[in-house]
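Participant: The following block contains a protein sequence and its predicted model.
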Amino acid sequence: MRYILFLMIFSTSLSWGQSDIEQLRDHYLESLPKIDRDLFLALEKVAKDNGVAIDHVNDLLKTKLLGSSFWPACGKGSYGVISNEIYIKTKSDVNQISYGSDLKKDDWVGSAKETTELIVMEGHDIRGSFDLSKQDLKLFLFEPENVSYFEWETLSGGHYQRNCK
């Protein structure tokens with residue numbers, strides 16, 4: 001599903017007037033298919049009418065409509081973007097993660113894609129991988145101040161403070 005990319009302009013030495021930004025916005029909107037343009041304008045109106053940013057309306061829409069804060073995705077060009085410079089390969093026969101600026105480099109290669117595999121990654125370091133079944137899977141992270149948990153079956157979790165008084 002294709003959704004909206006909004007052009008944000010940050011200038012340091014250039015001075016952009018409001019009419020310049022509006023012209024760029026209008027030009028961008030004209031380049032979209034009608035249904036995308038109509039959707040964007042509707043979201044923009046809801047945001048304006050409620051005094052919130054369009055990103056907030058977009059997040060609410062995803063959460064209410066899909067029960068998730070993420071749009072369902074197949075990746076773009078066989079890659080799924082996890083964060084800045086961390087990518088998963090969605091169309092590979094094995095579980096793969098690439099990180100850094102070179103997408104063609106296989107930084108980590110795991111089991112066959114038919115295998116359910118949990119990867120623990122800190123920064124760009126793979127700390128461990130585990131073959132699992134997803135039945136009744138719970139993840140726990142113990143920290144000095146908190147214990148966080150995640151239940152796979154319900155896709156929910158939370159945390160407890162450890163030093164409450």
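Facilitator: That came through, no problem.

Participant: Run through the chain and note the low-pLDDT ranges.
Facilitator: Low-confidence segments of the chain, defined by pLDDT under 70: 1-21, 62, 64-77, 84, 102-106, 134.

Participant: what about the residue lying closest to residue 58 once chain neighbours are set aside, distance to residue 26?
Facilitator: The shortest distance from residue 58 to any non-neighbouring residue, by Cβ to Cβ, 6 or more residues apart in numbering, is to residue 43 (6.4 Å). For every residue, glycine as well, the C-beta is placed using N, CA and C. According to Cβ to Cβ, to the nearest Å, residue 43 stands 16 Å off from residue 26.

Participant: can you pull the contacts of the residue nearest to residue 58?
Facilitator: 4, 54, 57-58, 61 (Cβ atoms under 8 Å, 6 or more residues apart in numbering).

Participant: Just to be sure, it is in a strand?
Facilitator: No - if the criterion is DSSP: H, G, I helix; E, B strand; the rest coil, then residue 43 is helix and not within a strand.

Participant: which strands and helices sit next to the helix or strand residue 127 falls within?
Facilitator: In the assignment (DSSP states H and E), residue 127 maps to strand 125-131. Strand 125-131 sits against strand 108-112, strand 117-122, with contacts defined as 3 or more Cβ pairs under 8 Å, 6 or more residues apart in numbering; DSSP states H and E.

Participant: 6 Å instead?
Facilitator: Applying 3 or more Cβ pairs under 6 Å, 6 or more residues apart in numbering; DSSP states H and E, one finds that strand 125-131 contacts strand 117-122.

Participant: what residues does the strand it packs on touch?
Facilitator: 95, 110-111, 127-132 (Cβ atoms under 6 Å, 6 or more residues apart in numbering).

Participant: Starting from that strand, tell me which strands it pairs with and how they run.
Facilitator: Paired strands of strand 117-122, with direction, are strand 125-131 (antiparallel) (DSSP bridges).

Participant: Could I get the buried residue list for the strand it pairs with?
Facilitator: Buried residues in strand 125-131, counted by 16 or more other Cβ atoms under 10 Å: residue 129.

Participant: And it, how far out from the chain middle?
Facilitator: 21 Å (Cα atoms, centre = their mean, to the nearest Å).
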